[in-house]
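*Asks:* only geometry, no sequence info:
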């Protein structure tokens, strides 16, 4: 039965106002007299009903207060009935108490029951929720004794005195509740403070004290768990500090993470991890910068550019990284120019003038204002033309048969000798051309024979007409001779003039 079920609503029992049957009704009287009698009977009936309710039915609705050592139950209606015999409850002379007085008594009884109900509520809270027997059993027992005294007074009908005792018990229980709550709050605060101070022993003692009052409280359970893991947390904290001191940042960070898994509320754990995370990021950023500048110094421009871009990925707009990229671009450009300049110079040294000219043009494509590249391109172009002319003259010495070509070759030779510090190729070309020119300068006797009918023309010399035999003095080289005769197909000969050559027969033999 619940606490509220202990209270029984008391309702008056319906009572027959008259015991007379209708058949026994008195004979009719005059109207005025009959009306007066009706009022008299009605009053008597009401008084009789109140009397029956007070003395017969009301006592059955009251219960006695149960006396238990641990918890006081609300009294049952039958227990609160006056223990005196029915005859003893009647006032002297056998008359029932006046209705108003009876109503006052009922109201005092209800007040006493309500007061007792408040006491029981506090008693249940202390007994079931706050486990008062664990931390203040004597005071709790003393408060229950006050309630028991109230029960004694209640059963004797001394309701005001019972209420006073019940109220005394309530005050005592409220004091216990307040003290218990204060003890719990203080122990909980002490435990939390001990955890913050990393004092496992003090934390365990404080939370054990709080557990006497509220053993299942979440803060108590959490505090006891944290206190149990605190020794391991302390060991790992020492390890993390040692690892960081040794420079093992990753190891320290892993250890702090393990601490957070054991006890996320460990003081300073989040700050330590944030600091290490920031340090790891800073070291990573600085490593990218260092790698970038090291690669730049070693002229590994691709690696330097990659490192500086990685640094900018972490910190966009970072000035050292941007400056590094600018230096990479500048240095790589200069390096490219230097490489092309060196290549051009190597081509010049090897007298590969066409390739040298191409290298200088590549430099000018990068930086068109560079003087060394402009001068180098002009120099290489001049030497390339000279080299080609020399090579052609040497390759075809027979072309020097004409005075014009011979004179041109002589001029070419003279110009080539003006080149300062000629290389092996030019020196060799000059030697070859000099020999060719020396050979071509000496005229060689050449004998032409014919039939006195063929008209002969030597292109480098001129028209000779018909002849039977004629000797010419010619430069060594290639000559073209044409023969013409009426009725015959023209003749065209190419001869290479050289010393001690046999006579050349020039005549048209094929008739048309």
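*Replies:* Sure thing, it's come through. Predicted model only: the values in this text are computed from it and were never measured. Residues are numbered from 1 along each chain as shown.

*Asks:* contacts and neighbour counts: CA atoms only from here.
*Replies:* Fine.

*Asks:* for the helix or strand hosting residue 278, which helices and strands make contact with it?
*Replies:* Taking DSSP states H and E as the criterion, the element that holds residue 278 is helix 269-297. Helices and strands touching helix 269-297, by 3 or more CA pairs under 8 Å, 6 or more residues apart in numbering; DSSP states H and E, are helix 249-262, helix 301-314, helix 319-349.

*Asks:* avg pLDDT for it?
*Replies:* Helix 269-297 shows a mean pLDDT of 92.

*Asks:* what angle sits between that helix and helix 301-314?
*Replies:* 150 degrees (axes from the mean of the first three to the mean of the last three CA atoms, to 10 degrees).

*Asks:* buried ones in helix 269-297, by neighbour count?
*Replies:* 269, 272-273, 276, 285, 288-296 (16 or more other CA atoms under 10 Å).

*Asks:* which one of the helices and strands packed on helix 269-297 is the most hemmed in?
*Replies:* Most buried of the helices and strands packed on helix 269-297, by mean neighbour count (mean count of other CA atoms under 10 Å): helix 301-314, with a mean of 20.

*Asks:* against which helices or strands is it packed?
*Replies:* Using 3+ CA pairs under 8 Å, 6+ apart, helix 301-314 sits against helix 269-297, helix 319-349.

*Asks:* show me where the stretch 51-200 of the chain has strands.
*Replies:* Listed in chain order, the stretch 51-200 of the chain contains no strands at all (DSSP state E, counting those that start in this stretch).

*Asks:* any weak-confidence spans in it?
*Replies:* 51-97, 101, 104 (pLDDT under 70).

*Asks:* one more time with 80
*Replies:* Filtered on pLDDT under 80, the stretch 51-200 of the chain yields the residue ranges 51-106, 108.

*Asks:* secondary structure class of the residue lying farthest from the centre of the chain, three-state.
*Replies:* Residue farthest from the centre of the chain, counting by CA atoms, centre = their mean, is residue 452 at 109.7 Å. Under the three-state scheme (DSSP: H, G, I helix; E, B strand; the rest coil), residue 452 adopts coil.

*Asks:* scan the protein for its longest helix.
*Replies:* helix 159-196 (DSSP state H).

*Asks:* show me which positions of it end up buried.
*Replies:* Under 16+ other CA under 10 Å, the buried positions of helix 159-196 are 159-170, 172-174, 176-177, 180-181, 183-184, 187-192, 194-195.

*Asks:* ok, now stretch 413-433?
*Replies:* Here stretch 413-433 shows 413, 416, 426, 429, 430, 432, 433 as buried, counting by 16+ other CA under 10 Å.

*Asks:* mind checking the end-to-end distance for that stretch?
*Replies:* 7 Å (CA to CA, to the nearest Å).

*Asks:* and stretch 311-323, by the same measure?
*Replies:* Using CA to CA, first and last residues of stretch 311-323 are 12 Å apart.

*Asks:* mean confidence for it?
*Replies:* Mean predicted confidence for stretch 311-323 is 93.

*Asks:* and for that stretch, what's in contact with it?
*Replies:* 285, 286, 288, 289, 308, 309 (CA atoms under 8 Å, 6 or more residues apart in numbering).

*Asks:* check stretch 424-434 too.
*Replies:* Residues contacting stretch 424-434 (CA under 8 Å, 6+ apart): 351, 387, 390, 391, 393, 394, 413, 416, 417.

*Asks:* again, 10 Å this time
*Replies:* 349-352, 383, 386-387, 390-391, 393-395, 397, 409-410, 412-414, 416-417, 419, 421-423, 435-440 (CA atoms under 10 Å, 6 or more residues apart in numbering).

*Asks:* among those residues, the buried ones, what's the PyMOL command?
*Replies:* Buried members of those, identified by 16+ other CA under 10 Å, are gathered into one PyMOL selection as follows:
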select buried, resi 351+352+383+386+387+390+393+394+397+409+410+412+413+416+436+437+439+440
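
*Asks:* can you report phi and psi for residue 467?
*Replies:* phi -160, psi 160 (degrees, to the nearest 10).

*Asks:* for the remainder of this discussion, apply numbering that starts at 14.
*Replies:* Understood, numbering begins at 14; the last thing we discussed is residue 480.

*Asks:* right, and it touches residue 470 too?
*Replies:* No: between residue 480 and residue 470 there is no contact under CA atoms under 10 Å: 11.0 Å.

*Asks:* what residues are shared contacts of these two?
*Replies:* residue 519.

*Asks:* one step back: out of the helices and strands packed on helix 282-310, nearest to residue 461?
*Replies:* helix 332-362 (49.4 Å; CA to CA).

*Asks:* domains of this structure?
*Replies:* 17-206, 299-402, 409-454, 457-518 (automatic domain parsing).

*Asks:* now render these as TSV, adding distance to residue 244.
*Replies:* As requested, these are exported to TSV (distance: least, CA to CA, whole Å):
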stretch	distance to residue 244
domain 17-206	15
domain 299-402	37
domain 409-454	87
domain 457-518	111
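
*Asks:* so for residue 275, which of those domains sits nearest?
*Replies:* Judging these by CA to CA, what sits closest to residue 275 is domain 17-206, at 16.5 Å.

*Asks:* these two touch, right, residue 393 and residue 363?
*Replies:* No: here residue 393 does not reach residue 363: they are 11.7 Å apart, not a contact under CA under 10 Å.

*Asks:* shared neighbours of the two, which are they?
*Replies:* 357, 369.

*Asks:* so which of the helices and strands packed on helix 314-327 gets nearest residue 149?
*Replies:* helix 282-310 (39.4 Å).
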